[in-house]
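Peer 1: For reference, the sequence and a predicted model appear below.
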Amino acid sequence: MSNPLLEIKNLKTSFRIGEEYYAAVDDVSLNVNKNEVLAIVGESGSGKSALAFSVMGLHNRAKIEGDINFKGRNIANLPFKEMNKFRGKELSMIFQDPLTALNPLMEVGRQIDEVLTLHNKNMPKSKRKNYIIELLERVEIPRPKHVYNQFPHELSGGMRQRVIIAIAIANQPELLIADEPTTALDVTIQAQILDLMRELKDDLGSGVILITHDLGVVAEMADRVAVMYAGEIVEVADVKTLFEDPKHPYTRSLLSSIPLVDSAQDKLHVIHGIVPSLKHLPRQGCRFSARIPWIDASAHEEHPELHEISPGHFVRCTCYKHFYFPEESKEEQNHDTAQS
Ligand SMILES: Nc1ncnc2c1ncn2[C@@H]1O[C@H](COP(=O)(O)OP(=O)(O)OP(=O)(O)O)[C@@H](O)[C@H]1O
């Protein structure tokens with residue numbers, strides 16, 4: 001097997017609250033290959049952004065343990081300056097909110113130029129300008145020469161997000177992290193931005209970590225999916241397997257909480273409760289158990305592990321074998337149990 005572009009091993013990212021550190025990312029191991037989109041899904045507070053920011057080295061006050069191997073080099077805890085050699089060049093991030101990610105006081109062209117110059121000190125100004133205009137064209141911004149001199153507030157939300165993408169790909173990164181890249185956009189613009197990201201990924205051959213809580217985006221974009229709950233990965237599978245044969249109760253709950261147009265699904269399941277706050281995350285046993293109280297305690301492992309139940313399909317805790325939705329009738333449950 002070829003070496004992964006990114007290999008995260010036993011990553012633990014902890015924030016200090018009062019006198020103690022609490023892990024928001026707790027012993028996470030994941031790989032991303034070249035030309036692959038790995039989606040990370042989970043509710044708000046599950047640790048997705050903390051994971052992404054750890055890879056980008058943007059958590060200067062968190063405690064980071066474990067390894068983040070990028071092209072074979074461990075970049076966890078690199079000094080900020082050293083990390084800057086990678087950031088914006090080989091590693092790049094698309095942020096959720098284009099208004100806060102852009103400098104409101106600087107023209108679009110100059111903002112892209114800054115990132116470009118940082119890593120291409122010898123490129124002459126005229127060449128840079130041409131390249132930036134090509135980049136704006138590449139992300140399908142109409143009248144790129146005009147937009148070059150515009151300020152972010154003069155552009156629509158969709159256009160601003162295209163500028164963010166242009167900045168992120170300016171130096172042709174090998175790994176691109178997109179944190180909720182379309183959440184702030186309306187649905188038609190979302191689809192255009194997703195199309196664009198897919199095209200760019202194919203052109204650049206980059207690996208992509210796509211962070212989202214939107215399973216529609218996952219179905220559209222991802223090759224593989226990691227489901228995160230309370231700081232842990234609870235299931236990993238290729239996208240087809242995850243949608244057709246989800247196992248973990250949390251994955252199943254997420255999937256059955258969204259309406260699917262072309263499915264025979266007739267009941268939507270509501271996931272009760274919320275991800276507990278960092279200080280109150282359960283650290284013992286199955287972290288999801290409190291949200292499925294109708295499942296007998298004996299179904300959970302004492303120290304839940306990721307089990308590889310088929311090649312490339314990992315599930316944490318054996319409780320998946322005993323899970324059913326309370327809405328399901330006894331008959332359905334018995335039928336399911338007999339089949340599994
Ligand atoms: N700088 C910080 N200091 C303290 N706690 C933090 C910090 N950043 C995140 N957290 C906590 O860590 C946990 C995980 O947060 P994170 O933002 O990674 O979740 P998320 O899954 O990305 O959620 P969202 O989808 O809302 O961005 C949350 O409980 C959050 O409050």
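Peer 2: Yes, it's here. Numbering: from 1, shown residues only.

Peer 1: ok, the residue in the stretch 201-340 of the chain that the ligand sits nearest to - how many residues close by?
Peer 2: Closest contact between the stretch 201-340 of the chain and the ligand, by Cβ to the nearest ligand atom, is at residue 278 (3.7 Å). For glycine as for every other residue, the C-beta is placed from the backbone atoms N, C-alpha and C. Each residue near residue 278 was counted by other Cβ atoms under 10 Å, and the total is 17.

Peer 1: Next one: it from residue 152, what distance?
Peer 2: According to Cβ to Cβ, to the nearest Å, residue 278 stands 32 Å off from residue 152.

Peer 1: Same question for residue 17.
Peer 2: Separation of residue 17 from residue 152 (Cβ to Cβ): 34 Å.

Peer 1: Quick one: classify the closest residue to residue 255 other than its chain neighbours as helix, strand or coil.
Peer 2: Nearest residue to residue 255, sequence neighbours excluded (Cβ to Cβ, 6 or more residues apart in numbering): residue 246, at 5.5 Å. Secondary structure state of residue 246, per DSSP: H, G, I helix; E, B strand; the rest coil, is coil.

Peer 1: Tell me, what's the model's pLDDT at residue 246?
Peer 2: Residue 246 is assigned 97 on the pLDDT scale.

Peer 1: Ok, residue 268 next?
Peer 2: On pLDDT, residue 268 comes in at 69.

Peer 1: repeat for residue 258
Peer 2: Note on residue 258: pLDDT of 72.

Peer 1: Looks like it contacts residue 218 (just checking).
Peer 2: No: counting by Cβ atoms under 8 Å, residue 258 does not reach residue 218; the two are 10.6 Å apart.

Peer 1: quick one, which of those two is more surrounded?
Peer 2: Neighbours were counted for residue 258 and for residue 218 using other Cβ under 10 Å; residue 218 has more, 22 against 12.

Peer 1: Not counting sequence-adjacent ones, nearest residue to the more buried one?
Peer 2: Nearest non-adjacent residue to residue 218 (Cβ to Cβ, 6+ apart): residue 39, at 4.5 Å.

Peer 1: What number of residues are in the vicinity of the residue nearest to residue 255?
Peer 2: Neighbours of residue 246 (other Cβ under 10 Å): 22.

Peer 1: mind listing what it touches?
Peer 2: 235, 237, 252, 255 (Cβ atoms under 8 Å, 6 or more residues apart in numbering).

Peer 1: quick one: buried residues of stretch 197-209?
Peer 2: Neighbour-count burial for stretch 197-209 flags 197, 200-201, 204, 206-209 (criterion: 16 or more other Cβ atoms under 10 Å).

Peer 1: In strands only, show me those residues.
Peer 2: Using DSSP state E, 207-209 are the members of those that sit in strands.
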